[in-house]
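1. here is the input, now give the coordinates:
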Amino acid sequence: MDRLFLDANILFSAAYGPESPLKRLWQYKGAALLTSEYAVAEAQRNLETKAQQARLEALLDVVRIVGEPEKRALPAGVTLREKDVPILCAAVGAAASHLLTLDVRDFGAYLGKSVQGVLVLHPRDYEPARTRK
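-> All right, here's what the predicted structure looks like:
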C-alpha cells in the first residue's frame, strides 16, 4: 500500500474549492493519506472562508496526522528553504512512500526523485499502485 504524504499546498488546494481535482487522491483505495500538524496548520492559516475550513476538516477525517520528527536534519545534498524542511522530515519520519506537493519552486529539483526512500512527486505524476505495471 502506498503511503502518500500530503504537503500543505495539497491540503489547501483540495479544500479551497468544492470541485478541486485533487480530491481524487482521497478516492484511491490502495493508498494511505498522511500529513503533519505543521502542514495542517499552514493550510488552515491560508484558507479564508468557513466553508473552506469545513472542507479541510472533512478531508482530514481520513488523513493520518503524523507527529513531527525530533530530528530535522536534511540528507546530504538536499537543500530546502526552512519552511519546507519540516514537510520533508515528517514525510521521511512517517516512512511515506511518496511526498505529493505542488511546490515546484522549492521541491522542483527533487520531483521524480527519491529522498531517503520518499519519492517526491507532483500529484499529476502519481500513479496509484493498482494501475502500475
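2. when you work out contacts or count neighbours from here on, use the C-alpha atoms and nothing else.
-> Will do.
3. okay, now Ala76: neighbour count?
-> Other residues near Ala76 come to 7 when the count uses other CA atoms under 10 Å.
4. swap that for Val120, sorry
-> For Val120, using other CA under 10 Å, the count is 26.
5. so who does it touch?
-> Residues near Val120 by CA atoms under 8 Å, 6 or more residues apart in numbering: 98-101, 107, 110-114.
6. can you flag the buried ones in those?
-> Buried residues within the contacts of Val120, counting neighbours by 16 or more other CA atoms under 10 Å: 98-101, 107, 111.
7. thinking again about what came up before, the contacts of Val120 in strands, which ones?
-> Using DSSP state E, 98-100, 114 are the members of these that sit in strands.
8. what's the closest non-adjacent residue to Tyr110?
-> Closest residue to Tyr110 apart from its sequence neighbours, by CA to CA, 6 or more residues apart in numbering: Val120 at 6.2 Å.
9. tell me which residues of the helix or strand containing the one you found come out buried.
-> For Val120, the element it lies in under DSSP states H and E is strand 118-121. Going by neighbour count (16+ other CA under 10 Å), the buried part of strand 118-121 is 118-121.
10. any idea which residue sits dead centre in the protein?
-> By CA atoms, centre = their mean, the chain has its centre lying nearest to Leu6, at 1.4 Å.
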